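Student: Dropping a prediction and its sequence here:
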Amino acid sequence: MAESRVSAAVRRLVADRAAHRCEYCLALETFSPGGYCIEHVMPVAAGGGSEPANLAFACAGCNAFKSDKTTAVDPVTGRSFRLFHPRRDRWARHFAWSADTLRIDGITGIGRCSAAALKLNRPALVNLRRLLFREGLHPPGP
Ligand SMILES: [Zn+2]
């Protein structure tokens, strides 16, 4: 959101830093049918700034589902957790691929609430992972 506040140079920095994949669902920009966004991890509406430390590279779906949320409910415990923060948190600490690599499983409260809120296993993503897996392009490397 608020793409206009981010210069082309900062956009390039954020995309390159993320290796051109969504920092939430890890989908590569190259294979995505939708556009990617420079996302404010702490939303502007909640006082987040447009400095690179508050920006993440996100696919249109993750960006839309995250919207201005900063917390969500863990579907397992019913407790509220803050959402995954791509700048402060390591993805593999909070998420893991399912055995067939088609689904992202939250392995912490932060991971589970983020996977649910951002719908990290929405059908389009699962279908894309299935196709990329057949081509040897999924799951993405570290
Ligand atoms: Zn995504």
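Tutor: Done, it's in.

Student: helices or strands next to the one helix or strand residue 16 maps to in the packing?
Tutor: Mapping residue 16 onto the secondary structure by DSSP states H and E places it in helix 8-17. Under the contact criterion of 3 or more C-beta pairs under 8 Å, 6 or more residues apart in numbering; DSSP states H and E, helix 8-17 touches strand 36-40, strand 55-59. Any C-beta I mention is one placed from the backbone N, CA and C, and that applies to glycine too.

Student: for that helix, which positions count as buried?
Tutor: Buried residues in helix 8-17, counting neighbours by 16 or more other C-beta atoms under 10 Å, are found at 11, 13-15.

Student: Most tightly packed of the helices and strands packed on helix 8-17?
Tutor: Each of the helices and strands packed on helix 8-17 was scored by mean neighbour count; the highest is strand 55-59, a mean of 26, by mean count of other C-beta atoms under 10 Å.

Student: pLDDT (mean, whole number) over it?
Tutor: Across strand 55-59, the average pLDDT comes to 98.

Student: what angle separates it from strand 36-40?
Tutor: Here strand 55-59 runs at an angle of 140 degrees relative to strand 36-40 (axes from the mean of the first three to the mean of the last three C-alpha atoms, to 10 degrees).

Student: how distant is strand 55-59 from the center of its chain?
Tutor: Taking the mean of its C-alpha atoms, strand 55-59 sits 7 Å from the chain's own mean (C-alpha atoms, centre = their mean, to the nearest Å).
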